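**Student:** give me coordinates for this.
(chains A, B, C and D)
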Number of protein chains: 4
Amino acid sequence: MSRFTAAVVGGSGFTGGELLRLLVGHPAFEVVQATSREYENKTVGYVHPNLRGLDLRFSSPEELESVDVLFAATPHGVSMQHIDSFRDAAGLVVDLSADFRLPEADAYDEWYDGHTATEHLADAEYALPELNRENLAGADLIAAGGCNATATLLAMKPLVDAGFVSDGDRVVVDVKVGSSEGGAGGGKASSHPERSGVVRPYAPTGHRHEAELEAYLGLSTAFTVHAVEMVRGASATCHAFPGGPVTKGDLWGAYREAYEDEPFVDVVAGGGGTYRYPEPKAVAGTNRAEVGFALDPGNKRVVAFGAIDNMMKGSAGQAVHAANVALGLEETTGLDQLGLHPVGSP
Amino acid sequence: MSRFTAAVVGGSGFTGGELLRLLVGHPAFEVVQATSREYENKTVGYVHPNLRGLDLRFSSPEELESVDVLFAATPHGVSMQHIDSFRDAAGLVVDLSADFRLPEADAYDEWYDGHTATEHLADAEYALPELNRENLAGADLIAAGGCNATATLLAMKPLVDAGFVSDGDRVVVDVKVGSSEGGAGGGKASSHPERSGVVRPYAPTGHRHEAELEAYLGLSTAFTVHAVEMVRGASATCHAFPGGPVTKGDLWGAYREAYEDEPFVDVVAGGGGTYRYPEPKAVAGTNRAEVGFALDPGNKRVVAFGAIDNMMKGSAGQAVHAANVALGLEETTGLDQLGLHPVGSP
Amino acid sequence: MSRFTAAVVGGSGFTGGELLRLLVGHPAFEVVQATSREYENKTVGYVHPNLRGLDLRFSSPEELESVDVLFAATPHGVSMQHIDSFRDAAGLVVDLSADFRLPEADAYDEWYDGHTATEHLADAEYALPELNRENLAGADLIAAGGCNATATLLAMKPLVDAGFVSDGDRVVVDVKVGSSEGGAGGGKASSHPERSGVVRPYAPTGHRHEAELEAYLGLSTAFTVHAVEMVRGASATCHAFPGGPVTKGDLWGAYREAYEDEPFVDVVAGGGGTYRYPEPKAVAGTNRAEVGFALDPGNKRVVAFGAIDNMMKGSAGQAVHAANVALGLEETTGLDQLGLHPVGSP
Amino acid sequence: MSRFTAAVVGGSGFTGGELLRLLVGHPAFEVVQATSREYENKTVGYVHPNLRGLDLRFSSPEELESVDVLFAATPHGVSMQHIDSFRDAAGLVVDLSADFRLPEADAYDEWYDGHTATEHLADAEYALPELNRENLAGADLIAAGGCNATATLLAMKPLVDAGFVSDGDRVVVDVKVGSSEGGAGGGKASSHPERSGVVRPYAPTGHRHEAELEAYLGLSTAFTVHAVEMVRGASATCHAFPGGPVTKGDLWGAYREAYEDEPFVDVVAGGGGTYRYPEPKAVAGTNRAEVGFALDPGNKRVVAFGAIDNMMKGSAGQAVHAANVALGLEETTGLDQLGLHPVGSP
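**Tutor:** The predicted structure follows:
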């Protein structure tokens, strides 16, 4: 198998560590650099105990090596400052921040602060292969989607594609996320005593991921995010009200149509046993997504579910998947991790 | 203070234990009997370690003592079988099951199995004082509301009372609950390894508590319940779309109007600090409810929140509160427990 | 009941908040001041959501009011700087830090930094009434014990009193504690993603609470502390090897002798049911301690257990208990909180 | 690579599912049968949601297929009943129960019930390669060690090998374990509400794994096991008191000597950062063990730590590792899973 050299910029954060975990086990990548200003010269295992055995030390982000692929796992706003040097250093840049996720500069003004490198926006491809596979092949700038947006997009896409839900319809999305979404920075609200056991409406309205749903699914959503007790995971419950009659068979048809050939998406919709609908803990540590639905005849409502590991399918796994597509590799290469059962609160 | 004798039928279950905790600390009640078939003759502390010091043993439910108040904490369907003997034994019966919650026999046929003691339905008063205070005084049969319904009712009542939401409007309710809601019975899905850390859509549609919302708030809801990682707590997030314009000031007005004189309800709506919206862990172990709201101007949406301890405000605390009202006691008697901070995953 | 005015210095920390919870529900105390430099002028409910209803704002620690009792809940090292002004402000000072816990200045040099107010050490009484009740009456400076020391002292005292274990014997103590022990300060290691689910040997050797065991029990211990997944709780498992033969009856005798008249200590030693030995979650939120033992005939070992809520019996509850004793109040006044069952990971 | 056919008897339990997870990802094994009486004809994904994609159904244990390797993941006492048919069906039997763990029939009489297939005991090899690698090559009956014993053996072996601890020395072992250790059976004590957040001394004395420590390390231990809040994980803290002087350098020497060539063991002993000593969550989902030590000069104590995933290094991973050795495969084949960081309470 041909091998590609890779660098991870921002390797000491949570998604940076997840990229390292994936890349060191990936047969087609060779990690040649991981940067961290704070932990320069320390081993990656100093920060990420799961990578203790690894013979790799953080280096300064000031001196980027020339690589085939540069993965940027820096906080929002950083990549847009350094995008020129990133693209100088690598033929393919995969950015995990929000900086290149939206196609229009106007949207940044509305949802984020103003964008300072708008000239790159047209080059950027949204990383989710289930939505954008055809444009990823040969891309040289890829932007991984937001985790909450990803869970929602995967849940809703079959309903939109099948025409059961259209732009005018108001979809209520209620997302539950784990604490890793807040990043490695800490802070009082994310300290263990305060954050444990919460059902906390941390973004009751105005969450920025709404912008991605509008951009990539043409969907207007009433979006609310709750922090709940887990570290990894994002679960989107979408309440949609189709204009016309929809049967359970129609729904099965739509989800099968959307995902039967997708290697990372399972449709889970009300079978027997304990795990009857999508659950984030069933996919923790993996690039898999579980999607599913329930039909509420009384309310003419479809409840659509999407469950992912926010750090994997919602970030680092999605990034590697997109890089596989861009580089012409088998899509599942290096991403065949299975989840754990039983597992607690991953 | 005048004292009332009390019995708890079904004292070894979770809500039965919670009743005992409240009643033994209540200055106006004297517990004279706690029944349990399974644990007959064992101390209540054998089952409920928080009551170790208590000199009280479970007795058989076959021989009920004559008391002023009988609290029935039996599984759904049991009270309706024994309601005659319960009412023979006590002047006031407070039932914590679903058996007398709905005013119409038809509703039981629709949402539960058929009712076998319909002649008592007209006597039963819904226990939630915030909705039904005037009818509780002097009642002789009281039915505690369902926990998920209670969280939702408290969240939505101000919007309905103020006319911002009316019957035709479809409200999406997304509830998150703890594992105590499943009761003490156990079972594979509620074993620790399987239940830990879930975000599990356990009732995607068709939850029976919808019936209470229709009956007591005249509200049609699209209702979904998720199990999340906690033992105690129920949190309702209600997405409502008022027909006309509503301001933040209007909402504050509505919630203050509804709750400013209520001793157990706090309005929490977006102040500073870590706890800016209602959270169940802030009220765990107490009869308090936190309710609040956020306004989403883009979607003309009001997000209403209600957070309670399902075993307290959602069950045993509500029952004792209603008994206080029925007996003419100060409402807060025996219910002044404060929550804990910090606390983990209660 | 006569009423005493009280102040809490350091009211925004975890133990400060716990003191406030106890004191506002205490019939003999009236809280007239709670200080916090960081949250000056904010309500106490801004920081402690369980105290939302309370009409009390933090004031500056620079201007102490004159009160009957001043509770100091400041970080280690702060009280010794301000002890003169604390004692000027109040007839009784109860300090929850380590600053006055040890009787000898030398011990501070060995286990902590040097002490800067040694002239007060002789006045200070150790707060644990089970060890030091007779000296607390009328005391004017009281030092609450360390939480891990308290759990261990309560577990071991009966064995020492009965002569089964004596100074020369090496006792191994393995303590498990919750995250609240680290205080409200936060930091990377105590962020939710890093701290969740740990079994972390955070003090494998050299824990300062060893000094209290030596001072108050004359016991040399091999002491190790692990952080485990809970917010509240400290559980000490003590492995002792009595010099001579000891029977189960002897042990029951020793524990009964030590605790049969103690209002806050339950002996739990191998009965039936689910809760057969001391467990911290059974006493969370309360001033109760569970102690117990098991006998290992093969190894001639006694395993002694002590389980407390580190913030209650291990800190704020112990402080209020001691103040009750010092002031001649009924010992249990304001401390009759019962634990919760079931409860998750408090 | 040559391929071996494999069967998993008892495939619906926790360790059975873990075996399936490992074997389907193992390049040298082909799973041809998974048995389950309860779930016969259901897909393995019905029980184990992490294996949803797998095209494999449970079959009856009555009809075993002929395979190269049979893994038995049945409850204690079952394998000894069926060992003849297991060995008829497969050239290599790897048993994960306690049935063939101890070399002497007498030990079964003492620690378990009497053994009913003692004629096979002499054939059985203990699975832990770090202890018994040389005897595993070519073995035809292998018995995986107990999880608590494994964590302890790995922690203590360097101290025994180096002569710092010998048989006469009494070592205190305090183990903390997750709920998966109780198996998939459920029961009241392991229901989520009761089991959550515990620090529960579930085996204060008399734990059966003591027998393995005696048999394989010649070590007499004072052994206590606590259940703590996690699903996966076993962490042994061993308090040893060497007869003579031992330095930190001596300890590093002993642990390096024992493990420098071991592919699955990392020595973690007091470096910087957040993860300074062995922690089970750092190795969850993997076959890795973290071992380490701290030196307590005052007590002349060595505290030795061993942290594993009880279902992996403590059971299924150990079994596959041993099978790799027995069959002459590269030891790490199929066992290169990395842990997750961050991760909650696995």
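
**Student:** which bits of the stretch 51-200 of chain A sit near chain D?
**Tutor:** Those residues of the stretch 51-200 of chain A that sit near chain D, judged by C-beta under 8 Å from any C-beta of the partner chain, are A:Leu51, A:Arg52, A:Gly53, A:Gly178, A:Ser179, A:Ser180, A:Ala184. Bear in mind the C-beta positions are built from the backbone N, C-alpha and C, glycine included.

**Student:** which one of those is nearest to C:Glu210?
**Tutor:** The nearest member of those to C:Glu210, counting by C-beta to C-beta, is A:Arg52 at 30.8 Å.

**Student:** got CSV for the residues of the stretch 51-200 of chain A next to chain D, with secondary structure and pLDDT too?
**Tutor:** Conversion of these to CSV gives the following (DSSP: H, G, I helix; E, B strand; the rest coil; pLDDT from 0 to 100):
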residue, secondary structure, pLDDT
A:Leu51, helix, 97
A:Arg52, coil, 93
A:Gly53, coil, 87
A:Gly178, coil, 98
A:Ser179, helix, 97
A:Ser180, helix, 97
A:Ala184, coil, 81
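
**Student:** now the buried members of those residues.
**Tutor:** The neighbour-count criterion (16 or more other C-beta atoms under 10 Å in any protein chain shown) marks A:Leu51, A:Arg52, A:Gly178, A:Ser179, A:Ser180, A:Ala184 among those as buried.

**Student:** the residue nearest to the fourth one when sequence neighbours are not counted: what's it in contact with?
**Tutor:** Okay, so that is A:Ser179. Distances taken as C-beta to C-beta, 6 or more residues apart in numbering or on different chains put C:His192 closest to A:Ser179, at 4.1 Å, once the chain neighbours are dropped. With contact set as C-beta atoms under 8 Å, 6 or more residues apart in numbering or on different chains, C:His192 has these partners: A:Ser179, A:Gly182, A:Ser190, A:Ser191, A:His192, A:Arg195, A:Ser196, A:Val231.

**Student:** same thing but 6 Å
**Tutor:** C:His192 is in contact with A:Ser179, A:Ser190, A:His192, A:Arg195, counting by C-beta atoms under 6 Å, 6 or more residues apart in numbering or on different chains.

**Student:** what separates A:Thr43 from B:Ala117, distance-wise?
**Tutor:** When C-beta to C-beta, to the nearest Å is applied, the distance between A:Thr43 and B:Ala117 equals 71 Å.

**Student:** break chain A down into its structural domains.
**Tutor:** If the domains of chain A are taken from automatic domain parsing, they occupy A:4-123, A:147-308, with pieces of a single domain joined by a plus sign.

**Student:** out of these, which gets nearest to D:Phe305?
**Tutor:** Nearest of the domains of chain A to D:Phe305, taken as C-beta to C-beta: domain A:4-123 at 13.6 Å.

**Student:** can you get me the start-to-end distance on the closest one?
**Tutor:** One end of domain A:4-123 to the other measures 22 Å (C-alpha to C-alpha, to the nearest Å).

**Student:** determine if any part of that domain is in contact with chain B.
**Tutor:** No - judged by C-beta under 6 Å from any C-beta of the partner chain, domain A:4-123 makes no contact with chain B; its nearest approach is 10.2 Å.

**Student:** OK, contacts around the closest residue to chain D within the stretch 1-150 of chain A?
**Tutor:** Across the stretch 1-150 of chain A, the shortest distance to chain D (C-beta to the nearest C-beta) belongs to A:Asn50, at 3.5 Å. Counting by C-beta under 6 Å, 6+ apart, A:Asn50 touches D:Leu338, D:Gly339, D:His341.

**Student:** cool, A:Ala289 as well?
**Tutor:** Under the criterion of C-beta under 6 Å, 6+ apart, the neighbours of A:Ala289 are A:Leu154, A:Val265, A:Ile308, A:Lys313.

**Student:** so what does the strand or helix carrying A:Ala34 touch, helix or strand wise?
**Tutor:** Element membership of A:Ala34 [criterion: DSSP states H and E] is strand A:29-35. Using 3 or more C-beta pairs under 6 Å, 6 or more residues apart in numbering or on different chains; DSSP states H and E as the contact criterion, the elements in contact with strand A:29-35 are strand A:4-9, helix A:14-24.

**Student:** partners of the shortest one in the sheet?
**Tutor:** Taking DSSP bridges as the criterion, strand A:4-9 pairs within the sheet with strand A:29-35 (parallel), strand A:67-72 (parallel).

**Student:** give me the contacts around that strand.
**Tutor:** The contact list for strand A:4-9, computed with C-beta under 6 Å, 6+ apart, reads A:16, A:19-20, A:23, A:28-35, A:61, A:65, A:67-72.

**Student:** closest one of the buried ones among the residues of the stretch 51-200 of chain A next to chain D to chain C?
**Tutor:** The shortest distance between chain C and any of those, using C-beta to the nearest C-beta, involves A:Ser179 and amounts to 4.1 Å.

**Student:** could you check how far the closest one is from A:Ser220?
**Tutor:** Between A:Ser179 and A:Ser220 the distance is 29 Å, computed by C-beta to C-beta.

**Student:** so how far is D:Arg37 from A:Leu136?
**Tutor:** If you measure A:Leu136 against D:Arg37 using C-beta to C-beta, the figure is 47 Å.

**Student:** okay, these two: which has more neighbours?
**Tutor:** Here A:Leu136 and D:Arg37 are compared on neighbour count by other C-beta atoms under 10 Å in any protein chain shown; more neighbours surround A:Leu136, at 22 against 12.

**Student:** turn the contacts of A:Ala289 into a markdown table, including neighbour count.
**Tutor:** Supplementary listing: the contacts of A:Ala289 in a markdown table, determined by neighbours: other C-beta atoms under 10 Å in any protein chain shown:
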| residue | neighbour count |
| --- | --- |
| A:Leu154 | 30 |
| A:Val265 | 22 |
| A:Ile308 | 34 |
| A:Lys313 | 31 |
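
**Student:** from those, which is closest to chain D?
**Tutor:** Nearest to chain D among the contacts of A:Ala289: A:Val265, at 10.2 Å, using C-beta to the nearest C-beta.

**Student:** what is the neighbour count of the nearest residue to that closest one once chain neighbours are set aside?
**Tutor:** The spatially closest residue to A:Val265, leaving aside those adjacent along the chain, is A:Tyr259, at 4.3 Å (C-beta to C-beta, 6+ apart). In terms of burial, A:Tyr259 registers 19 neighbours under the definition other C-beta under 10 Å.

**Student:** read off the pLDDT value for A:Ala28.
**Tutor:** Confidence per residue is given as pLDDT, and for A:Ala28 that number is 98.

**Student:** can you check A:Glu110 too?
**Tutor:** Among the per-residue scores, A:Glu110 shows a pLDDT of 92.

**Student:** what about it, which helix or strand?
**Tutor:** Using DSSP H and E, A:Glu110 falls within helix A:105-111.

**Student:** can you redo the domains of chain A as JSON lines with distance to C:Gly328?
**Tutor:** Formatted as JSON lines, the entries for the domains of chain A read as follows, by distance: least, C-beta to C-beta, whole Å:
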{"stretch": "domain A:4-123", "distance to C:Gly328": "54"}
{"stretch": "domain A:147-308", "distance to C:Gly328": "35"}
